[in-house]
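Build me a model from this:
(chains A and B)
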Amino acid sequence: MALPSACRALLLSVFALLTVPLKAEVKVASFSTVLSEITQKVGGKNVAVTSLIKPGQDPHEYQLTPGDLTAATAADLVFLSGKGMESSYLENLRDALPKRVEVLAVGEELPGLGKGAVEEKEGSKQSTEDPHWWNSVSEAEKATAIVRDALSRLDPAHTADYQAGAQAYLAELKELDLWAKRKIAELPRDRRKLVTSHDAFQYFANEYGFQIDSIEGLTTDQEPSVSHVSALIAEIKKQGVKAIFLENTLNPKVSAEITRESGAKIGGTLYADGLGPGEGETYAGMIRHNVNTIVDALK
Amino acid sequence: MRGSPLVQAALVVAGLLLLWFPLHSLTQRHLVMVTPAATPPPTKHVQMALRSTSPFRFQVSYLGQVVWEGTDDSAEKESTKDLDIDFPNEGIDLAVDVTWATKGVAAAEISLTVDGSEMHKTVWGQGSASDVVTFKEE
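Take a look at the predicted model:
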């Protein structure tokens, strides 16, 4: 049976609409797992996010690959963590990207803790400020607003969508922050002494009233010196710290030495550098895992 | 040195045995590490007071335990509660949950009097509010 031509044309149009994927308005390349999630939540269907740092990947050790550079070049907007996290490849990235690609280092837009400095190291300027701003939920809230504004600037036609996406995500973050505060309130303030693998929890400590110490420095690529480990053991003993927290980047011999000599136990493994496999696949899951692990071990 | 080699050897062994105990105690690593117990925080007498802009129901928790809950039908008077709690130098966190009878914006002020000094924090909300407030003696 032959269909009338108008009906056939209509069916063909519907078929074409169903089979051709809708083009995303804004292409975003992200060098941060946390920013990838924020962008996806705020941007929704109007944004296509390519996450160049994968969950569980150590951003301190990341090397810019030709494939990732191609992906970044194809984007309209590139999000960086900022505050020195990308210092090893930032210049190359900026030089290689075409001018039409906007590069936004979100961390640079955040007020920070006022403790950092920029120093010359091996001929290039490196930040000594803690770049792990996502370990405080209130900083993630500020980052959400920055992402919303950047997307709205680039794609003003969908501003209302970005505002709605940000509003919904901010409500989730507010709830998460209150949960974290209540959980941490179960731990007496004099027991909030956090010793971690590397110095990634300054924002967390500032937000939730912890004193912190770390085995490595701000990055994971520096082995701790013997004198630093000895001083840390003495401090753990002096403060009566019950537990230390690890990441998979730390040499297990160092952590074994510290626990043996100080009497502290291993409190668990934390997500320090962003999202990762397991509970840390989402930002809320990452924060909940970290807070539960810390509070339960130090109680 | 005079004397038989056997006597000399016995003297050397006796000398080494005498030295063994002090040398051993000086060089042996202590296998049992005792973490010094952190000084326990002082227990202090604390007077809590709550005042709200409108009638309200409230719950105050400390270290995950509800230490005070109640209802106040009058916005005029202040509810008070006396407690003896651990109060470290680092301060304390109180989780405060408030539900107001009114649906508009309302506020509840929680005050603590410790060692004669008074501290205040205010919680704002519309219909209800949940927050964690920190009190630290200056």
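
could you point out where chain B is predicted with low confidence?
Within chain B, the stretches falling below the threshold (pLDDT under 70) are B:1-3, B:19-38, B:75-76.

again, only using 50
Within chain B, the segments meeting pLDDT under 50 span B:25-36.

Likewise for chain A?
Across chain A, the ranges flagged by pLDDT under 50 are A:1, A:15-21, A:121.

how about the residues of it near chain B?
Of all the residues in chain A, those in contact range of chain B (C-beta under 8 Å from any C-beta of the partner chain) are A:178, A:181-182, A:184-192, A:209, A:237-240, A:242, A:260-264. Just so you know, the C-beta spots here come from the backbone N, C-alpha and C atoms, and that holds for glycine as well.

Got a ChimeraX select line for the buried ones in those residues?
In ChimeraX syntax, the buried subset of the residues of chain A next to chain B is picked out as below (16 or more other C-beta atoms under 10 Å in any protein chain shown):
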select /A:181,182,184,185,186,187,188,189,190,191,192,209,237,239,240,242,261,262,263,264
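
Okay, residue A:262 and residue A:273: tell me how far apart.
To residue A:273, residue A:262 is 25 Å away according to C-beta to C-beta, to the nearest Å.

no, scratch that, I was asking about residue A:66
As for residue A:66, its distance to residue A:273 is 24 Å (criterion: C-beta to C-beta).

With neighbour numbers in mind, choose between those two.
Shown here are residue A:66 and residue A:273; by other C-beta atoms under 10 Å in any protein chain shown, residue A:273 has more neighbours (29 against 8).

nearest residue to that one other than its sequence neighbours?
The shortest distance from residue A:273 to any residue other than its chain neighbours is 5.3 Å, reached at residue A:59 (C-beta to C-beta, 6 or more residues apart in numbering or on different chains).

Am I right that that neighbour is in a helix?
No - when the secondary structure is assigned by DSSP: H, G, I helix; E, B strand; the rest coil, residue A:59 falls in coil instead of a helix.

What's the end-to-end length of stretch A:99-114?
Distance between the two ends of stretch A:99-114: 32 Å, counting by C-alpha to C-alpha, to the nearest Å.

Residues contacting that stretch, please?
A:32, A:35, A:72-73, A:75-83, A:85-86, A:93-94, A:97, A:129-131, A:133, A:139, A:142-143, A:146-147, A:150, A:154, A:202-203, A:206 (C-beta atoms under 8 Å, 6 or more residues apart in numbering or on different chains).

OK, contacts around residue A:204?
With contact set as C-beta under 8 Å, 6+ apart, residue A:204 has these partners: A:135-136, A:194, A:210, A:290.

For the host helix or strand of it, what is the distance to the chain centroid?
With secondary structure defined by DSSP states H and E, residue A:204 is part of helix A:202-208. Taking C-alpha atoms, centre = their mean, to the nearest Å, one finds the center of helix A:202-208 at 15 Å from the center of the full chain.

now swap in stretch B:97-114 and tell me
On C-alpha atoms, centre = their mean, the centre of stretch B:97-114 falls 25 Å from the chain's centre.

residue ranges for the helices of chain A, please.
A:5-19, A:33-43, A:66-73, A:90-96, A:106-109, A:137-154, A:159-184, A:202-208, A:226-239, A:252-262, A:283-298 (DSSP state H).
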